[in-house]
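> quick one: sequence plus predicted model below, questions after.
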Amino acid sequence: MKVAIIGGGAAGCFCAVNLKRMHGDAEITVFERANRPMAKLAITGGGRCNLTNTFADIRQLREAYPRGHRLMERLFRIFGPDDTMRWWEQEGVKLTVQEDNCVFPCSQNAMEIVGTLNRLMHELGIKVLTGQRIETLPQGLDRIIVTTGGSPRLSGLSFLEPLGLEIVQPVPSLFAFNIDVPQLHTLTGTVVEQAQVSLPGTKFQAAGPLLITHFGMSGPAILRLSSYAARHLAERNYQTDLSVNWMLRENEEQVRAALGTFQASGKLVGNHHPAHLTSRHWSYLLQRAGIPENHRWDCLNRKELNRLVNTLTNDIYTISGRRTHKAEFVTCGGVALSNLNLQTLALKAHPNIFMAGEVLDIDGITGGFNLQAAWTMGYVIAKSIATTL
């Protein structure tokens, strides 16, 4: 049986290894456009490779997968996060789980993951052809597996046009926000471990660590919000308001009660502040609220206190654009899931063609969720093909 895998990323290479193990007679060739396979995998997670997540903090899969959560729920019954960790550990890759439930190789080196897959493909006799730009799908094959990754433009999916598929317009996902507030930029490098961010007038919100940068804001909270609201932000050309709650996700009433203890102290406002905020950050927020640092807590009037509470829980900024790490580009959109047999990931109209990864309209938030989707879908396709044989 001759099999072509179009795209030598995480999903494609993982699928190749598992399919060859399940069906040793398969003649598998991986076609990769770049000069080496898994180039994106080699730099993911800052070069450390956040290869999955324990999902311990995920109550519903839609929190991790804004698009495709129902499909992932179905596929996880076949190959889920625990299966992924066992698979890699059986290959000799020792894993470590961080406090935020992100899973990394103990080596903290993505090349250990890349090297393991490259070694396995070599040992199993899987052909890997690099520098292959596929303009049309190859002919005369028993199975074709498309794992080309996300495309920022429809033109990147033009090779699929002859298949007559429904395509969802691709737009960027997982990006930082440009915010043109020079005073904010002076806090570059400041991290608030538990911030809540939202887009006023919508239901889009996210929480987690927030990083202030020289161009605006980033960090897990911002990246998650960009994923949840990817299409909404694209429709507004990345020009909209952002609300930030700096106070550990507490509401106005809770923050007001917490500030009451500071008022009783009688100390200077500038010298006595919530412990999770740095002195520089606190001075900046006082300036935003129009409160001099040399005022005493017990002398704040009601209007001043209201302004401070509002600044701490609903600090409004204007997003003036997006900032993308091109190497870790993730897209919302792609081949619509309605084209698929959800049991096998084969196309309904072309049952010998399978698809996995970001080429589909499925993507996750930051934290190892996109790689987990790649492992899961790659394995499911391998099992689907092997089972039919």
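Perfect, I can see it now. Numbers count the residues shown, from 1 in each chain.
> contact partners for Leu308?
Neighbour list for Leu308: Leu259, Leu285, Leu286, Ala289, Ile291, Leu300 [criterion: C-beta atoms under 8 Å, 6 or more residues apart in numbering]. Yep, even glycine has a C-beta here, placed from its N, CA and C like the rest.
> so what's Ala230 up against?
Ala230 neighbours (C-beta under 8 Å, 6+ apart): Pro66, Val171, Pro172, Ser173, Cys332.
> just checking, the fourth one touches Gly334?
No - taking C-beta atoms under 8 Å as the contact criterion, Ser173 and Gly334 are not neighbours in contact, 10.8 Å apart.
> and the two most separated of the contacts of Leu308?
Spatially, the most separated pair among these is Leu285 and Leu300, at 14.0 Å (C-beta to C-beta).
> for the chain, which residues score under the pLDDT cut-off?
325-328 (pLDDT under 70).
> how much space between the residue lying farthest from the centre of it and Tyr317?
Distance to the chain centre peaks in the chain at Cys299, reaching 45.8 Å (criterion: C-alpha atoms, centre = their mean). Between Cys299 and Tyr317 the distance is 29 Å, computed by C-beta to C-beta, to the nearest Å.
> quick revisit: phi, psi of the residue farthest from the centre of the chain?
In terms of degrees, to the nearest 10, the main-chain angles of Cys299 are phi -100, psi 0.
> give me the neighbour count for Lys203.
Counted by other C-beta atoms under 10 Å, the residues lying close to Lys203 total 9.
> that one falls within a helix, correct?
No - counting by DSSP: H, G, I helix; E, B strand; the rest coil, Lys203 is not part of a helix but coil.
> could you shift the numbering so residue one becomes 31, and keep it that way?
Shifting the count to begin at 31 puts that one at Lys233.
> okay, and the beta partners of Ile349?
Ile209, Thr270 (DSSP bridges).
> which residues of the protein fall in helices?
Applying DSSP state H to the chain gives helices spanning 40-52, 69-73, 99-106, 111-120, 140-154, 212-215, 250-258, 260-265, 282-293, 309-319, 332-343, 399-418.
> got the contact list for the second one?
The reference is to helix 69-73. Gly39, Ala40, Cys79, Ala140, Met141, Ile143, Val144, Gly179, Ala357, Glu358, Leu401.
> was I right about Leu298 contacting Ile321?
No - using C-beta under 8 Å, Leu298 makes no contact with Ile321, being 11.1 Å away.
> which of the two has more neighbours?
With neighbours defined as other C-beta under 10 Å, Leu298 and Ile321 compare such that Ile321 has more, 18 against 14.
> the more buried one and Gly238, how far apart?
Ile321 is 28 Å from Gly238, where distance means C-beta to C-beta.
> thinking again about what came up before, just the buried subset of the contacts of helix 69-73, please.
Gly39, Ala40, Cys79, Ala140, Met141, Ile143, Val144, Gly179, Glu358, Leu401 (16 or more other C-beta atoms under 10 Å).
> save those residues as a markdown table, and put in distance to Gly194 too.
Output for the buried ones among the contacts of helix 69-73, formatted as a markdown table (distance: C-beta to C-beta, whole Å):
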| residue | distance to Gly194 |
| --- | --- |
| Gly39 | 25 |
| Ala40 | 28 |
| Cys79 | 37 |
| Ala140 | 37 |
| Met141 | 40 |
| Ile143 | 36 |
| Val144 | 35 |
| Gly179 | 22 |
| Glu358 | 32 |
| Leu401 | 31 |
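> residues contacting Phe61?
Ala34, Ile35, Ile36, Gly37, Gly38, Leu159, Gln162, Ile164, Pro168.
> repeat the analysis, applying 7 Å as the threshold.
Residues near Phe61 by C-beta atoms under 7 Å, 6 or more residues apart in numbering: Ala34, Ile35, Ile36, Leu159, Gln162, Ile164.
> tell me how many other residues crowd the third one.
Just to be clear, that refers to Ile36. Other residues close to Ile36 by other C-beta under 10 Å number 24.
> state the distance from it to Phe384.
10 Å.
> what sits in contact with each of those two?
Joint contacts of Ile36 and Phe384 (C-beta under 7 Å, 6+ apart) are Ile175.
> not counting sequence-adjacent ones, nearest residue to Leu307?
Excluding its sequence neighbours, the residue lying closest to Leu307 (C-beta to C-beta, 6 or more residues apart in numbering) is Trp276, at 6.7 Å.
> gap between the one you found and Val285?
Taking C-beta to C-beta, one finds Trp276 at 9 Å from Val285.
> swap in Leu49?
From Leu49 to Val285 the distance is 55 Å (C-beta to C-beta).
> go on, Glu223?
16 Å.
> okay, those two: which has more neighbours?
Neighbours per residue (other C-beta under 10 Å) separate Glu223 from Val285, with Val285 holding more: 20 against 11.
> give me the residues contacting stretch 184-203.
By C-beta under 7 Å, 6+ apart, the list of residues contacting stretch 184-203 reads 164-167, 180-183, 256-257, 260-261, 264, 352, 354, 360-366, 368-369, 377, 379-380, 391, 393.
> so who does Leu154 touch?
Val47, Lys50.
> what separation do you get for it and Ile58?
The gap separating Leu154 from Ile58 is 8 Å, by C-beta to C-beta.
> which residues are common contacts for these two?
Contacts common to Leu154 and Ile58, judged by C-beta under 7 Å, 6+ apart, are Lys50.
> show me what counts as buried in stretch 101-118.
Leu101, Met102, Leu105, Phe106, Phe109, Gly110, Pro111, Thr114, Met115, Trp117, Trp118.
> could you do stretch 74-85 as well?
Taking 16+ other C-beta under 10 Å as the criterion, stretch 74-85 shows Thr74, Gly75, Arg78, Cys79, Asn80, Leu81, Thr82, Asn83, Thr84, Phe85 as buried.
> the fifth one against Gly398, yeah?
Yes - in this structure, Asn80 sits in contact with Gly398. The criterion is C-beta atoms under 7 Å, and the distance is 4.2 Å.
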